[in-house]
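1. pasting the sequence and the predicted coordinates here, then a few questions.
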Amino acid sequence: MSAPAKKPQEASTSNFVRQIVEADLMAGKYAKRRWNGKPGSALSVERAPPDPAKIRTRFPPEPNGYLHYGHAKSICLNFGLARDYGGICHLRFDDTNPVKEEQEYVDSIRDAVRWLGFDWGGHEYYASDYFEYLYQFAEELVQRGHAYVDSLSAEQMRTLRGSLTEAGKNSPYRDRSVEENLKLLRGMREGQFADGEHVLRAKINMTSPNVNLRDPAMYRIRHATHHRTGDSWCIYPTYDWAHGVSDALENITHSICTLEFEDHRPLYEWFNDRLAEDWTGYDGVLRRGLLQRPLPQQIEFARLNLTYVVLSKRKLIQLVEEGHVDGWDDPRMPTLVGARRRGYTPEGFRLFAERIGVAKADSWIEFSVLEDCMREHLNEVAPRRIAVLDPVRLVIENYPEGKEEPCEAPNHPHQPEWGKRSLPLSRELWIEREDFTEAPPKGYFRLFPGNKVRLRYGYVVECTGCDKDAEGRIVTVRCTYDPGTRSGSPGAEKVKVKGNIHWLSTRHSHGTEVRLYDRLFKEPHPGADDRDFLKDLNPESKRTVTAQVEPALKDAGPEESFQFERHGYFVADRLDTKPGAPKFNRAVTLRDSWKT
């Protein structure tokens, strides 16, 4: 009796990208791919062993700027898929535009990916690694009649391209002979022509309803120095030409991109299909395809649309260049270098990517979701500390002059194994200015004349009054304490109070700079309805105060995170913090202050 057939494994219900990957793996779609230890053409892997990676994904940034929150979603998706399905994720720099690319951006991208917790091992690649491949492939497409050199001006090409409602028209140079096209293309490579004099175009269909298939450009002349190849080239491949071919050379199985590339997918597939197919030359000889099958599969997902944020590269550049922020790593900027400096955590971003998921349709994500993810992680890992951000002096009039005593406070209320630290108590303290008022509103349980509160971790005190300066500003609050009410003592509960306030000894605390960051924009959709997005900037997005902090914070090192009790989560600035002199940035408040 034969064994019953196994029930097919059901695909994941987590998101549609994982469903596609799992279906491909179950079907063995990529099982016969070969890998020679490095990217290459079909010929280079003919005798190579099977690819050890079940899937290959890639994160392919252009090194012409700093990564932003949207890139974090893509990084988590691509590296996460490779991790979960026995694959490898490549870091590939699509460096096809020498005018805008710099090594500075390459370095910052590497740092950002590592900071998020991912590693590409030895699989760091560049589109410029494939410039020779791309050029030789372009010559072959010319020989096969699939590409031609056009000598129209850029404006003339735009005119003939048509529109969404009007078909394009063929260039008068579209029917040049193979020999003339090859001669011109080789002359372009050898630097015989000026920028813009010629362009290599794919010969597809000028009447296609998809304008991306209307004979798109493949190479442009650009006499510019490349950050990696120097002056070796004066023609550079377009993104559409280089991107799909680079994927195929790297054995990428699932090429995951955002929805704006959906209309480019037919072009992506056209280039790769033409290069992968066998063909018979004019000499009658059958030539094998240049790319290994199966070819990469492009899958589009919805990009990150986050309220109170702009992710347009043009707008981010404008914010920096016009001085609306303090650079690319300004903690208010939605760049990953800015997020790191603000005190956001890699774990928070990974939780955020998991929580928002992957969808096919565009939608808006509330900024509070990102903030909640940061709070959730920081709440677990951040030691508790006390900082008084707007200090006013409190004098305990019946506390002995010169006396001081330690009060114990837990480093984390839910992590007893982290132990406790000592908070010195003395006659003169700092308290928050908002913790005292002469005329209390209803429901105010902090200090006012005649009221009692507990000094957190210390004693119950009763307010007796205050001193003011010549302008009427309160400079000192006065109180008395009950010696039998020390926290942790048998008499701690003998006096019931509703208020509990924070404090620091003036003798032992330290003054330090604290930057109170908030959302950069005051409107959820900056620049909506065609208004100037700069008009939506939040004037309160950064406030700098001199705060008093407890002794344990004096030696905080760069990027150490803390919860300042009552105030939120803060990080010691990674650049401005010096030994014994930290400066703190607020990452996020304890709760959402923007809820209406």
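-> Okay, I see it.

2. tell me the SS of residue 480?
-> Reducing the assignment at residue 480 to three states with DSSP: H, G, I helix; E, B strand; the rest coil gives strand.

3. from residue 399, how far off is it?
-> Residue 480 sits 8 Å away from residue 399, going by C-beta to C-beta, to the nearest Å. Quick note: C-beta positions are derived from backbone N, CA and C, even for glycine.

4. before we move on, what about residue 460?
-> On the measure of C-beta to C-beta, residue 460 and residue 399 end up 13 Å apart.

5. more neighbours: those two, which one.
-> residue 460 (26 against 21; other C-beta atoms under 10 Å).

6. what segments of the stretch 301-450 of the chain are strands?
-> 384-385, 387-388, 391-396, 404-410, 420-426, 428-432 (DSSP state E, counting those that start in this stretch).

7. quick one: strands adjacent to the fifth one?
-> Which is strand 420-426. Under the criterion DSSP bridges, strand 420-426 sits next to strand 404-410 (antiparallel) in its sheet.

8. got it, and the second one?
-> Looking at strand 387-388 with DSSP bridges, its paired strands and their directions are strand 542-549 (antiparallel).

9. hmm, who's touching the partner strand?
-> When contacts are defined by C-beta atoms under 8 Å, 6 or more residues apart in numbering, strand 542-549 is touched by residues 332, 385-391, 430, 504, 506, 509-518, 584.

10. cool, and stretch 177-191?
-> Stretch 177-191 is contacted from outside by 135, 138-139, 142-143, 145, 147-149, 176, 193, 198, 200, 219, 221, 223, 233-235, using C-beta under 8 Å, 6+ apart.

11. can you tell me which of those residues are classed as buried?
-> Among the contacts of stretch 177-191, those scoring as buried are 135, 138-139, 142-143, 147-149, 176, 193, 198, 200, 219, 221, 233-235 (criterion: 16 or more other C-beta atoms under 10 Å).

12. who touches both of residue 460 and residue 399?
-> residue 481.

13. what's the closest non-adjacent residue to residue 229?
-> residue 128 (5.3 Å; C-beta to C-beta, 6 or more residues apart in numbering).

14. how near is the one you found to residue 135?
-> Noted for residue 128: a distance of 12 Å to residue 135, by C-beta to C-beta.

15. repeat that for residue 477.
-> 77 Å.

16. so residue 262 touches residue 300, yeah?
-> Yes: if you go by C-beta atoms under 8 Å, residue 262 and residue 300 touch, sitting 4.6 Å apart.

17. between these two, who's got more neighbours?
-> Counted by other C-beta under 10 Å, residue 262 and residue 300 do not tie: residue 300 has more neighbours, with 18 against 14.

18. partner strands of the helix or strand containing the more buried one, parallel or antiparallel?
-> Assigned by DSSP states H and E, residue 300 belongs to strand 297-301. Using DSSP bridges, the strands paired with strand 297-301 in its sheet are strand 254-258 (parallel).

19. mind listing what's buried in the partner strand?
-> 254-257.

20. and it, how far out from the chain middle?
-> The chain centroid and the centroid of strand 254-258 are separated by 17 Å under C-alpha atoms, centre = their mean, to the nearest Å.

21. again, but for stretch 439-449
-> 44 Å.

22. tell me the mean pLDDT for that stretch?
-> Stretch 439-449 comes out with an average pLDDT of 94.

23. buried set for that stretch?
-> 446-449.

24. before we move on, what about stretch 457-469?
-> Buried-residue list, stretch 457-469, by 16+ other C-beta under 10 Å: 457-463, 466.

25. residue nearest the centroid of this structure?
-> residue 69 (3.1 Å; C-alpha atoms, centre = their mean).

26. surely it and residue 333 touch.
-> No: counting by C-beta under 8 Å, residue 69 stays clear of residue 333, with 9.8 Å between them.

27. all the helices of this protein, residue numbers only.
-> 16-27, 69-84, 103-115, 131-143, 154-161, 178-189, 239-249, 265-276, 313-321, 336-342, 346-356, 367-381 (DSSP state H).

28. out of these, which is closest to residue 415?
-> The closest of these to residue 415 is helix 367-381. By C-beta to C-beta, the value is 8.4 Å.

29. residues contacting residue 393?
-> 428-430, 475-477, 506.

30. closest one of the residues you listed to residue 37?
-> residue 430 (63.2 Å).

31. what number of residues lie near that closest one?
-> 23.

32. for it, give me its contacts.
-> Residue 430 touches 388, 391-394, 503-506, 509, 548, counting by C-beta under 8 Å, 6+ apart.

33. state the mean pLDDT of stretch 146-153.
-> 97.

34. typo on my end, stretch 556-569
-> Per-residue pLDDT over stretch 556-569 has a mean of 97.

35. swap in stretch 399-409?
-> Averaging pLDDT along stretch 399-409 yields 94.

36. what residues sit buried inside it?
-> 399, 407, 409.

37. surely residue 507 and residue 428 touch.
-> Yes: the pair residue 507 / residue 428 is scored as a contact, 7.1 Å apart, by C-beta under 8 Å.

38. quick one: the closest residue to residue 208 other than its chain neighbours from residue 270, how far?
-> In this structure, residue 208 finds its nearest non-sequential neighbour in residue 214, 5.8 Å apart by C-beta to C-beta, 6+ apart. The gap separating residue 214 from residue 270 is 12 Å, by C-beta to C-beta.

39. ok, back up a step: the contacts of residue 430: which two are farthest apart?
-> 392 and 505 (14.3 Å).

40. burial measure for the residue nearest to residue 243 when sequence neighbours are not counted, as a count.
-> In space, residue 243 comes closest to residue 94 once its chain neighbours are excluded; the distance is 6.2 Å by C-beta to C-beta, 6+ apart. Counted by other C-beta under 10 Å, the residues lying close to residue 94 total 21.

41. from residue 247, how far out is the closest residue to residue 100 other than its chain neighbours?
-> Distance criterion C-beta to C-beta, 6+ apart; nearest residue to residue 100, sequence neighbours excluded, is residue 64 at 4.0 Å. Residue 64 is 20 Å from residue 247, where distance means C-beta to C-beta.

42. looking at the two, which is more packed in?
-> residue 247 (27 against 15).

43. the more buried one contacts residue 255, doesn't it?
-> Yes: contact between residue 247 and residue 255 holds when scored by C-beta under 8 Å: they sit 4.9 Å apart.

44. now do the shared contacts for those two.
-> 58, 296.

45. got the contact list for residue 494?
-> 484-485 are the contacts of residue 494 under C-beta under 8 Å, 6+ apart.

46. returning to what we had before: make a ChimeraX selection of whichever of the contacts of residue 393 turn out to be buried.
-> Listed next is the ChimeraX selection for buried residues among these, using 16+ other C-beta under 10 Å:
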select :429,430,477,506
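
47. from the contacts of residue 393, pick the one nearest residue 286.
-> residue 430 (85.4 Å).

48. I'd like to know how far that closest one sits from residue 501.
-> From residue 430 to residue 501 the distance is 11 Å (C-beta to C-beta).
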